[in-house]
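S.K.: Can you look at this prediction? I've put the sequence above it.
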Amino acid sequence: MKAFWVRSVIYVELISLVFLQRFAITFGVKQIPLVLPLTFVVMTILFLCNAVDIARAKLEAYTLMISMLILCAVMSIGSLHIALTSLAALASVYLLWTVTIKDPYRPIFPDALNVFQWSIAVTSLLSVFQFLLQLVGLGFLDLNSLVPTHWMLSGFNTTYHPPLMNIFKSNGFFMLEPSFASQLSALAFIFEYRYFKRISLLALYMAAVIFTFSGTGILLILLAAVFAFKDFLLPNKRALKYLLFSLVLVFPMAIAYLPVYIERIQHQLSTGSSAYARWVSPFIGVSYLFPAHTLWGAGPGSESRSPLLTLLPPATSFTVLPSLLFQYGVIGTVSFAIFLYACVRPYVKSGVSSTIIVSLGIIYLLLNGTLIEPFIDFLVLFLAVIWSRENAQPNGTYQHKSGLSLGARAP
């Protein structure tokens with residue numbers, strides 16, 4: 001019975017991260033993403049079921065990291081442009097990364113991954129429908145038209161259409177932005193191609209990536225193929241046939257909208273592009289801190305409050321590394337890197353293929369637009385970090401039909 005509850009709450013968490021990411025709890029002008037308190041409730045239930053515990057190595061690295069970040073915050077305490085609530089949010093979100101699943105429940109992982117796959121299948125299908133409805137002149141259907149504004153997270157580019165076409169980018173109906181819809185469909189495509197190999201879902205995920213007209217999904221697939229080549233592509237000669245077949249299915253529509261993709265590529269090469277705003281502009285902002293704030297940074301929350309931001313393009317989006325460097329300097333960044341290593345190292349040693357951690361790492365480090373994004377942070381937690389356990393004891397061998405195994409008996 002306990003195993004049933006453990007499975008259920010993990011499934012609920014993954015489903016919620018997909019379908020509830022746009023919802024918020026609103027207090028005046030302040031908003032809390034709904035997935036934030038929900039995840040703490042899920043983690044509390046897992047503790048009550050004695051299904052998780054705190055990994056000592058991760059806790060020690062977390063303590064070191066928080067100590068260094070507090071030190072960096074103290075060094076910038078005189079600034080008028082810091083927000084200590086930002087540090088508190090970081091500490092609370094990443095505290096959950098110290099949690100790990102106990103050995104008897106580790107075989108839940110393949111089924112949990114499959115739940116994620118089917119959840120993204122739903123949003124991918126909705127992405128395709130959103131595109132087709134506009135194509136036949138029925139307009140763009142979005143969650144905003146059905147849910148009161150104060151229940152929805154603000155500050156995201158939920159609806160957007162490229163300059164060369166009068167069609168909005170698909171956002172999977174439930175996704176925060178078209179880019180998130182593209183990335184998660186691409187992530188599901190990668191997992192499907194590597195583990196489950198269902199041709200209909202491969203075609204669906206690829207169609208969704210194309211019809212979101214967001215380059216981050218395609219970029220994710222390409223980077224995963226490069227950085228996880230040995231694990232992602234080489235062992236999957238049969239799956240390669242499925243990949244080619246799925247590409248054939250969506251090729252005619254992709255060709256029809258080739259000018260749109262060419263325009264997007266040209267746009268990404270300009271200084272006003274989203275690529276420039278995500279991968280170049282933030283590091284220019286970091287360079288403005290040299291040398292006075294190189295070690296300690298400009299202080300927590302300064303990436304959204306510092307007057308230096310007026311020197312950068314308005315669309316500048318700080319990914320994890322420049323965000324750390326800007327707020328907490330070299331000392332804070334190094335301590336955070338040690339914490340990330342402590343979280344990932346046991347997962348790599350557990351014998352699970354590298355495709356999952358590499359793909360999630362690309363989203364988290366390169367494509368995610370902020371250091372504290374509960375939706376992304378908790379997705380990485382429940383698809384990778386929580387399954388990362390030092391000295392996991394294999395009580396027999398449980399092999400899922402997908403080929404995934406964490407080396408323990410199924411509960």
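M.R.: It's in.

S.K.: Name all residues that make contact with Ala342.
M.R.: 57-58, 60-62 (CB atoms under 8 Å, 6 or more residues apart in numbering). C-beta coordinates here come from the backbone N, C-alpha and C atoms, glycine included.

S.K.: So which of those are in helices?
M.R.: Using DSSP state H, the members of the contacts of Ala342 that fall in helices are 57-58, 60-62.

S.K.: List just the nearest of those to Leu17.
M.R.: Nearest to Leu17 out of these is Lys58 (CB to CB; 20.9 Å).

S.K.: Surely the closest one and Trp97 touch.
M.R.: Yes - the criterion here is CB atoms under 8 Å, and Lys58 meets it with Trp97 at 6.7 Å.

S.K.: Give the residues shared as contacts by these two.
M.R.: Jointly contacting Lys58 and Trp97 under the rule CB under 8 Å, 6+ apart are 339, 343.

S.K.: which of the ones in helices among the contacts of Ala342 tops the neighbour count?
M.R.: Lys58 (25 neighbours; other CB atoms under 10 Å).

S.K.: so what's it up against?
M.R.: Each residue near Lys58 by CB under 8 Å, 6+ apart is listed here: 97-98, 100, 339, 342-343, 388.

S.K.: Just give the nearest non-adjacent residue to Leu87, would you?
M.R.: Pro300 (4.0 Å; CB to CB, 6 or more residues apart in numbering).

S.K.: Counting neighbours, what do you get for the one you found?
M.R.: Other residues near Pro300 come to 26 when the count uses other CB under 10 Å.

S.K.: Same question for Lys169.
M.R.: Number of residues near Lys169 (other CB under 10 Å) recorded here: 24.

S.K.: Nearest residue to it in space, please, no chain neighbours.
M.R.: Nearest one to Lys169, counting by CB to CB, 6+ apart, is Pro178 at 3.7 Å.

S.K.: Listing request: residues of the stretch 1-150 of the chain with sub-threshold pLDDT.
M.R.: Scanning the stretch 1-150 of the chain for pLDDT under 70 picks out 78-80.

S.K.: For it, which segments count as strands?
M.R.: 24-27, 30-33, 52-54, 99-101 (DSSP state E, counting those that start in this stretch).

S.K.: ok, back up a step: does the residue nearest to Lys169 touch Thr212 like I think?
M.R.: Yes - assessed by CB under 8 Å, Pro178 is found in contact with Thr212 at 4.7 Å.

S.K.: quick one, which of the two is more surrounded?
M.R.: Ranked by neighbour count (other CB under 10 Å), Pro178 and Thr212 place Thr212 first, with 31 against 26.

S.K.: Report the separation between the more buried one and Leu367.
M.R.: From Thr212 across to Leu367, the span is 13 Å (CB to CB, to the nearest Å).

S.K.: repeat for Ile357
M.R.: Counting by CB to CB, the gap from Ile357 to Leu367 is 15 Å.

S.K.: Tell me who's in contact with the residue nearest to Lys169.
M.R.: 157, 160, 169-171, 212-214.

S.K.: do the same with Ala55
M.R.: 98-100, 346, 388-390.

S.K.: Can I get the buried part of the residues you listed as one ChimeraX selection?
M.R.: Buried residues among the contacts of Ala55 (16 or more other CB atoms under 10 Å), as a ChimeraX selection:
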select :98,99,100,346,388,389
